[in-house]
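Chemist: A structural model of the following input is requested.
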Amino acid sequence: MDSAIKVLAWWMLFAGTHTVLSHPPIRSRLVSRLGEGVFQGVYSLIAFATFIPLAWTFFANRSSHAMPLPELAMTPGIWWVTMLLNLFAVVLMVLGFSRPNPVSSLTARPGSSAIGVLRITRHPAFMGVAILGLSHLLVNYSAIDRVFFGGTFLYALLGSAHQDWRRHLSADAELRRFFAETSFLPFVAIATGRNRFEPSELRASALIAGVTIFGFVFVFHYRLFG
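Modeler: Below is the predicted model of the structure:
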């Protein structure tokens, strides 16, 4: 089987199991039978059991699909665009994990509101992953790269949409207000006047951590990922 097809198969398995297990009716039944703790353990185990082979298959076979750089990658300025997108994506993810988020099952806290990075998008971590996938598609052209990074981009967007749908099912007045003040895609709520950008609300420690992580990966990218 072609390695790009294998990556696609693993993406479908990872995304499929992740989505099915988090689907409200299925999740509630499993939690009632297994308990919250056991369910989370099974959920995490299945996620690791499908994502690790996905990543391993990609990195183990990527060199066999080496191709000349596409014309787009050689366009003047595209390298800088790619790097800036990657920097924004990493910082967005770090900021996302540094603040409680009402739509996230991991970081939801009572009373959390649309401030800080949530003014930019209500899915900062997911959108960071989507931008990483998109930016890598600009400069990677082989079939296995397209499948892996395209899958990253699509899964992040679909995962965000599925998360919104789940939260809408049980949304109270406070959560509905949060949805009204925030946007799915970055900066849309700000551009349409539903929110405003407040740089002072972004945590300096998270910004520094994001830039540091980006710098480390930039310097050691070839050694880490080839």
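
Chemist: remind me which residues of the protein are low pLDDT?
Modeler: Along the chain, the model assigns pLDDT under 70 to residues 1, 63-74, 105-112, 226.

Chemist: ok, which stretches of it are helices?
Modeler: 3-22, 24-34, 36-61, 78-97, 124-139, 143-169, 173-181, 188-191, 204-225 (DSSP state H).

Chemist: the domain parsing of this structure - what is it?
Modeler: Per automatic domain parsing, the domain ranges recorded for the chain read 1-66, 67-225.

Chemist: count of neighbours near the nearest residue to S98 once chain neighbours are set aside?
Modeler: With sequence-adjacent residues excluded and distances taken as Cβ to Cβ, 6 or more residues apart in numbering, S98 is closest to A206, at 4.0 Å. To be clear about C-beta, it is placed using only N, CA and C from the backbone, and glycine gets the same treatment. If you count neighbours by other Cβ atoms under 10 Å, A206 ends up with 19.

Chemist: follow-up on the earlier one: tell me the most buried of the helices of the chain?
Modeler: By mean neighbour count, with neighbours taken as mean count of other Cβ atoms under 10 Å, helix 124-139 ranks first of the helices of the chain at a mean of 22.

Chemist: which residues touch stretch 214-226?
Modeler: The contact list for stretch 214-226 (Cβ atoms under 8 Å, 6 or more residues apart in numbering) reads 59, 62-63, 83, 86-87, 90-91.

Chemist: Dump the residues you listed to CSV, plus distance to R119.
Modeler: Shown next, in CSV, are these (distance: Cβ to Cβ, whole Å):
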residue, distance to R119
F59, 36
R62, 37
S63, 42
M83, 24
N86, 22
L87, 19
V90, 19
V91, 14
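
Chemist: Show me which of those is closest to E201.
Modeler: The closest of those to E201 turns out to be V91 (Cβ to Cβ; 14.2 Å).

Chemist: Surely the closest one and A204 touch.
Modeler: No. Counting by Cβ atoms under 8 Å, A204 is not a contact partner of V91; they are 11.8 Å apart.

Chemist: Double-check I78 against S135; I have them as touching.
Modeler: No. Counting by Cβ under 8 Å, I78 does not reach S135; the two are 10.0 Å apart.

Chemist: Tell me if I'm right that the residue nearest to S98 and V94 touch.
Modeler: Yes. With contact defined as Cβ under 8 Å, A206 reaches V94; the gap is 5.1 Å.

Chemist: where's the residue with the largest distance to the centre of the chain relative to V188, distance?
Modeler: Ranking residues of the chain by C-alpha distance from their mean position (Cα atoms, centre = their mean) puts R33 at the top, at 30.1 Å. Separation of R33 from V188 (Cβ to Cβ, to the nearest Å): 40 Å.

Chemist: next one: F179
Modeler: According to Cβ to Cβ, F179 and V188 sit 13 Å apart.

Chemist: And L169, by the same measure?
Modeler: Distance from L169 to V188, by Cβ to Cβ: 23 Å.
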